[in-house]
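Engineer: need coordinates for the following:
(one chain, ligands or ions: 1)
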Amino acid sequence: MTFFLSYRLMKYEWLLSFYMQFKTDFAINRFHYREMSQKSQSCRCQIGTPADTFGNRKETGKVPIAEIYPVRIIKPDLELARRHIHNPILRPADIKPSTEGMKIECLLNPGVFRFENKIWLLLRVAERPEQTANEVSFPVMTDERIEIMRFKKDDPDLDATDPRVIKYKGNHYLTTLSHLRLVCSNDGIHFTEPDGYAPIFGKGEQEAFGIEDCRVATMAGGYHLSYTKVAPEGVGVGYIFTRDWKNFNRRGMIFSPHNKDCAIFEEKIHDKYYALHRPSSPELGGNYMWIAQSPDLLHWGNHMCIATTRENSWDSARLGAGAAPVRTPEGWLEIYHGADLNNRYCLGALLLDIDNPSKVLARSEQAIMEPTAAYEKTGFFGNVIFTNGQLVNGDTLTIYYGASDEVICMAECSITEILSHLK
Ligand code: MAN
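Structural biologist: Take a look at the predicted model:
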């Protein structure tokens, strides 16, 4: 239930979207790199509802009241990330649907790793049946089979104002079902699906609503996958181990609901494994980043909260880890996402003590990347930059990210530059 509360805030927004889009564009252009202190320069600029994201904007029938929260952006992002000119590097049309009758609506938030001298992405692929004028339909997994649920659009019990969630008579469903798909590349930009590597689908009741946002930690001996398991009973973190990407050892849920955004460190510290994770405690506390230790990657303890949301900031509503932290001479560098009350997702950085990563040495005040490109502002769920995969090559950090919950993009940063901004 708590999982769905997080979706509550962004309904009823599309009415003001054109006006707010104009305001945001205007603010960014006019005050770029300058101090801004006006209210409401940031807003959710999602254009539309589930039905209209792909072109049928007039069919919603409901004219909701906008809930746009005033958020003060003190300064625009630090402009530390250089977006690739070929962005988006992957779109839904570039990948084949997993099953006949399904349409890929979104490619999102890939895990990233090197394997057999290539760069690989483990994409989150979100599918549903082609939508029709009168019905909302979406898939769920039942007994390892995909079942399609359908509701009439004019059913008064249906609330489909959030592109990601369907609410019906007190029950919540996802509009799409996600699985994980492998693509690989020689240059990190042009990706294709290799033969012989099967998609990874949700399995069992705990993954009835799919599997999402998989981090890949590469350590001697293999690849450690931590991903979001989505079910009507709750959202938790699953763990899978593989050496060859053909045989998978599924080890079940390692962080129970409500929890997600689990990034496993790629080396042990004082003989213990470490992971960042994001439990949600909506009544007391919030959507904060925690750290935990484990002797074996399956049993986690010694939990500590290391970063909370910050009022009036780009990360005022929730935050969560990106990929595995990067070892640097100054400490562990973690690129994380933060969202404000309007569900605008940006990236920032944390620096953690190298010997005791529960100690935060520094945290970026401004975002290091925020949605400014057209493909980051508008899409299935606009104003989103979300990462859970990256590569390190010397001083270059290559960040792969989902933009607007619809397309895959890439940007590069200098680790030294990020560290110097954290001082
Ligand atoms: C959540 C997750 C992500 C998604 C963002 C933005 O944090 O479900 O997968 O990209 O929301 O919608």
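Engineer: next one: the residue of the stretch 151-300 of the chain found nearest the ligand relative to residue 128, how far apart?
Structural biologist: Distances between the stretch 151-300 of the chain and the ligand by C-beta to the nearest ligand atom are smallest at residue 213, namely 4.8 Å. Backbone N, C-alpha and C define where each C-beta goes, glycine included. Separation of residue 213 from residue 128 (C-beta to C-beta, to the nearest Å): 18 Å.
Engineer: residue 351 - how many residues pack around it?
Structural biologist: Neighbour count of residue 351, defined by other C-beta atoms under 10 Å: 23.
Engineer: isn't it right next to residue 422, touching?
Structural biologist: Yes. Between residue 351 and residue 422 there is a contact at 5.2 Å, judged by C-beta atoms under 8 Å.
Engineer: okay, and the common contacts of the two?
Structural biologist: Residues touching both residue 351 and residue 422 by C-beta atoms under 8 Å, 6 or more residues apart in numbering: 330, 361-363.
Engineer: returning to what we had before: ok, residue 213 and residue 128, which is more surrounded?
Structural biologist: Between residue 213 and residue 128, counted using other C-beta under 10 Å, residue 213 has the larger neighbour count: 26 against 22.
Engineer: the residue of the stretch 151-300 of the chain closest to the ligand reaches residue 122, doesn't it?
Structural biologist: No. With contact defined as C-beta under 8 Å, residue 213 does not count as touching residue 122 (9.9 Å).
Engineer: before we move on, back to that, the residue of the stretch 151-300 of the chain closest to the ligand in helix, strand or coil?
Structural biologist: Three-state call for residue 213 (DSSP: H, G, I helix; E, B strand; the rest coil): strand.
Engineer: give the full set of residues in contact with it.
Structural biologist: 108-109, 124, 227-228, 260-261, 386, 388.
Engineer: how about whichever strand or helix holds residue 113: buried residues?
Structural biologist: Element membership for residue 113, per DSSP states H and E: strand 102-115. Within strand 102-115, the residues that count as buried by 16 or more other C-beta atoms under 10 Å are 102, 104-113, 115.
Engineer: got the CA coordinates for that strand in PDB?
Structural biologist: Extracted C-alpha coordinates of strand 102-115, given in PDB (Å, rounded to 0.1, in the frame of the first residue of the first chain):
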ATOM      1  CA  MET A 102       2.300  -6.500 -26.500                       C
ATOM      2  CA  LYS A 103       3.600  -3.000 -27.200                       C
ATOM      3  CA  ILE A 104       6.800  -1.600 -25.600                       C
ATOM      4  CA  GLU A 105       5.800   1.700 -24.100                       C
ATOM      5  CA  CYS A 106       9.000   2.500 -22.200                       C
ATOM      6  CA  LEU A 107      12.600   1.600 -22.000                       C
ATOM      7  CA  LEU A 108      14.000   2.700 -18.600                       C
ATOM      8  CA  ASN A 109      16.800   2.700 -16.100                       C
ATOM      9  CA  PRO A 110      19.400   0.200 -17.300                       C
ATOM     10  CA  GLY A 111      21.900  -1.700 -15.200                       C
ATOM     11  CA  VAL A 112      25.300  -1.500 -16.900                       C
ATOM     12  CA  PHE A 113      28.300  -3.900 -17.000                       C
ATOM     13  CA  ARG A 114      31.200  -5.100 -19.100                       C
ATOM     14  CA  PHE A 115      31.200  -8.700 -20.300                       C
END
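Engineer: that older thread, near the ligand too, which of the contacts of residue 213?
Structural biologist: Among these, the residues lying close to the ligand (C-beta under 6 Å from any ligand atom) are 108-109, 386.
Engineer: quick check: residue 402 touching residue 111?
Structural biologist: No. Taking contacts as C-beta under 8 Å, residue 402 lies outside contact range of residue 111: 11.4 Å.
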